[in-house]
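Peer 1: Show me the folded form of this:
(2 chains)
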Number of protein chains: 2
Amino acid sequence: MSEKYDHDSEYKELSGEEGRKKIAELAKGIHIAMMTTVAKDGTMSSRPMAVQDKPFDGTLWFLTRSTSEKIGELENDQHVTLTFAEPSDSKYLTLKGRASVNQDRAKIKELWNPMYKAWFPKGEDDPEIAVLKVEVTDGDYWQASSSKIVMMAKYAFAAATGGKIEVGEAGHVLV
Amino acid sequence: MSEKYDHDSEYKELSGEEGRKKIAELAKGIHIAMMTTVAKDGTMSSRPMAVQDKPFDGTLWFLTRSTSEKIGELENDQHVTLTFAEPSDSKYLTLKGRASVNQDRAKIKELWNPMYKAWFPKGEDDPEIAVLKVEVTDGDYWQASSSKIVMMAKYAFAAATGGKIEVGEAGHVLV
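Peer 2: A predicted model of the protein is given here:
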């Protein structure tokens, strides 16, 4: 499996408004992204992060604990890669960006929703809450035209008839 | 949201056989992992990769194209982080490891299954097929005790009654 499907795919290069719209469409309904950062030992750490429920506009906002490991990692290296996976839809999205951290109380208030109480039981005034802002630079996505199980069934069928399967759509987005 | 849930969670440190078993249990049924590597420009690239359907034993094997971008990235930096996401189950797993690449024909034959024909239409003898071996060093996982939607419903209910919600289980595994 390579970055770009090598055949039967509708590979696209998108940019600007068209790219942002595509990302918004793909990320919609995915409430948890994996955020990967560079650890001090040269490995990459990744953890699930709750995504704000608003259409993608080029910037992603997260609330996190100011004492968490990722904050130290981001001070060392701003690079962030976010992955969004929706296996039931065979939908995979990767966004690269730069992260910055602040503790702007007004922004925390704006981003806060009751779901966060699971991680911040003291509520939105918890002094340990930090805002993690990711400015997305580019992204890649992979999509199957149908669910993976259906895709494999299609494949088996196509093989039997000597036909080809559709592996779907993959694209690169410059934001 | 921090790496470790700070409350109401059953945080565990696992190692050896117990850790491998836990990873096997979590990865089971997840057919696509996101593989993150370090790109030459210091960003991290991530792409979906088909996972072999066998119980986790500490090593993960992938087939990939020898000309793919990730091969160049791995020559430069062996570090790999794999993430497994199953949103319908609120199940998230991260594995860190070191990757090596070979073109051992016997191993390709052993790993080959008809699904790969989608990416290698020439079949298992395609000279561009490479084996990507990841020796996993450690992992983290996050799990909700119920699906995310149910969890949020539980949360709303608990908040109304002043109770606490269960954010589930999180753990660190040393392989």
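
Peer 1: quick one: is the helix or strand where A:Lys107 lies near chain B?
Peer 2: Counting by DSSP states H and E, the element that carries A:Lys107 is helix A:105-111. No. For a cut-off given as Cβ under 8 Å from any Cβ of the partner chain, helix A:105-111 has no contacts with chain B; the smallest distance is 12.2 Å. (Glycine included, C-beta is placed from N, CA and C.)

Peer 1: Quick check: buried residues in that helix?
Peer 2: Using 16 or more other Cβ atoms under 10 Å in any protein chain shown as the test for burial, helix A:105-111 gives A:108, A:111.

Peer 1: cool, and stretch A:135-143?
Peer 2: In stretch A:135-143, counting by 16+ other Cβ under 10 Å, buried: A:136-143.

Peer 1: Show me how far the helix holding A:Lys107 is from its chain's centre.
Peer 2: 22 Å (Cα atoms, centre = their mean, to the nearest Å).

Peer 1: Adjacent strands (with direction) for whichever helix or strand comes after that helix?
Peer 2: Note on helix A:105-111: by DSSP H and E, the next helix or strand toward the C-terminus is strand A:129-143. Sheet pairing here is set by DSSP bridges, and for strand A:129-143 it gives strand A:59-65 (antiparallel), strand A:91-102 (antiparallel), strand A:169-174 (antiparallel).

Peer 1: can you redo those strands as a markdown table with mean neighbour count and mean pLDDT?
Peer 2: Below are the strands paired with strand A:129-143 laid out as a markdown table (neighbours: other Cβ atoms under 10 Å in any protein chain shown; pLDDT from 0 to 100):
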| stretch | mean neighbour count | mean pLDDT |
| --- | --- | --- |
| strand A:59-65 | 20 | 95 |
| strand A:91-102 | 21 | 92 |
| strand A:169-174 | 18 | 67 |
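
Peer 1: got the ones you listed as a markdown table, with distance to A:Thr83 columns?
Peer 2: A markdown table is the format used below for the strands paired with strand A:129-143 (distance: least, Cβ to Cβ, whole Å):
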| stretch | distance to A:Thr83 |
| --- | --- |
| strand A:59-65 | 12 |
| strand A:91-102 | 5 |
| strand A:169-174 | 14 |
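
Peer 1: Of all those strands, which one is nearest A:Asp53?
Peer 2: Evaluated with Cβ to Cβ, those place strand A:59-65 nearest to A:Asp53, the distance being 11.1 Å.
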